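Enquirer: turn this into a model:
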Amino acid sequence: MAVWGIGVAVYFVAITYRTSLGVAGLDAAERFHINASALSTFSILQLLVYAGMQIPVGLLVDRLGAKKVLTMGVVLYTVGQFGFALSSSYPMALGSRALLGCGDALTFISVLRLGSRWFPARRGPMIAQIAALVGMAGNLVSTLVLARFLHSFGWTPTFVASAAGGIVVLIVLLVFLKDHPEGFAPPPPTAEHAGPGFVRRQIAAAWREPGTRLGMWVHFTTQFPAMVFLLLWGLPFLVEAQGLSRGTAGELLTLVVLSNMAVGLVYGQVIARHHAARMPLALGTVLATALMWVIVLSWPGDHAPMGLLITLCAVLGACGPASMIGFDFARPANPPERLGTASGIVNMGGFTASMTTLFAIGVLLDATGDNYRIAFASLFVVEALGLSQMLRLRRRAVRRERERLVVSRVEAVHVPA
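Expert: Modelled structure (predicted):
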């Protein structure tokens, strides 16, 4: 448990860095003299790097193990955060966020692999939700601590101080982290794993599984509404479109994080006990999120009532836990030696959707003179695409999962004592 906790601490720091721009967006626009589209480019580039690296990261984790990949991740995201702290120009800041996204991309799949090595498979859903929950606590650091430091100490001291956290977790990681318990080392790579074409075969085999593809689309559809809100556009929406103070807006962003943590515990327990609840929970989260955005964006008058905004933020908190369900579709569909690759495919989904929506909102804000209702309506287009794919793949994935379960039981019966 302690070893796995070190991996989770690495992910916690990564989330703190990833979401730091969510409370610093308006400060960044002023510091670098940029408009909404240029501001969104920070997060888009970061997510583009993150999403593009998910399959390579999965392959690296399968090949090198979690410790080496996590070490690379910590070094990259710490250097990126230091660079962002010292950036005096927009291009330098963009490069720093790209480096940060690169390091961030190496963390979560590595933590999932650690969980699969240190805990039994039946605890997989709960372990994944706890890892995500602790990661969201990193978001709390951004919304509560970082925002206050920015106001009190300014840009460079705040981000330099936050970057020191990466140095601390790097030292702990190098000294104490182990890839697996003693006596449970995975078998060494075979000639097939080192032969030509292995990477292509590994990706193709994971993609052929309907559970992998369904997991990707579940992650795609559920994660991005909250990600877009927390990563960049939530604070400007609440301050500029809803007329709230920065303090009140920060409290609502904190509510999203707290709701995420509470819902994550519930979803993890439910799925661990009732495997069939995966799809109803995912679909219910998508529909509830869409309904709340319809009500908020169509509310007559300039501002939605505070009670409605509180409800919206509470519902957005379910998006992160629902996205973890995607991994619960991919996990039983793939053997352990392919799990990193499959997880990379799944994890790519939500970040691709987030990147697309961040860009769409920025462009629409500039094109419409900061009309947030039109800009945020782009959420529905992305949700509709993902929902259609979830409905298309769900029966195929469940059927295939049942077939694999039957085969595994037959093989277990015929294994000699």
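
Enquirer: tell me the buried residues in stretch 252-268?
Expert: When burial is assessed from 16 or more other CB atoms under 10 Å, stretch 252-268 yields the following buried residues: 252-261, 263-264, 267-268. Just so you know, the C-beta spots here come from the backbone N, C-alpha and C atoms, and that holds for glycine as well.

Enquirer: give the closest residue to Val218 in space, chain neighbours not counted.
Expert: Gly326 (4.0 Å; CB to CB, 6 or more residues apart in numbering).

Enquirer: how about Ala24?
Expert: In space, Ala24 is closest to Leu150, 6.0 Å off (CB to CB, 6+ apart).

Enquirer: tell me which residues touch the one you found, please.
Expert: 23-24, 27, 158 (CB atoms under 8 Å, 6 or more residues apart in numbering).

Enquirer: next one: Phe329
Expert: With CB under 8 Å, 6+ apart, Phe329 has these contacts: 211-212, 214-215, 218, 278, 346, 397, 401.

Enquirer: of all those, which comes closest to Phe82?
Expert: Nearest to Phe82 among these is Val346, at 30.7 Å by CB to CB.

Enquirer: the helix or strand harbouring Leu150: how far from the chain's middle?
Expert: For Leu150, the host element (DSSP states H and E) is helix 147-153. Counting by CA atoms, centre = their mean, to the nearest Å, helix 147-153 is centred 26 Å from the centre of its parent chain.

Enquirer: can you name the secondary structure element that comes next after it?
Expert: For helix 147-153, the following helix or strand on the C-terminal side (DSSP H and E) is helix 155-176.

Enquirer: can you list the residues that contact that next one?
Expert: 2-3, 6-7, 9-10, 13, 16-17, 20, 24, 27, 31, 67, 70-71, 74-75, 77-78, 81-82, 84-86, 146, 149-150, 153.

Enquirer: taking the buried residues of stretch 252-268 one by one, which sit in helices?
Expert: In helices, defined here by DSSP state H, the members of those are 252-261, 263-264, 267-268.

Enquirer: looking at those residues, spot the one nearest Ser37.
Expert: Checking those one by one against Ser37 (CB to CB), the nearest turns out to be Leu253, at 22.2 Å.

Enquirer: give the burial count for the closest residue to that closest one other than its chain neighbours, as a bare number.
Expert: Leaving aside its chain neighbours, Leu253 sits nearest to Thr143 (4.7 Å; criterion: CB to CB, 6+ apart). The tally of other residues near Thr143 (other CB atoms under 10 Å) stands at 26.
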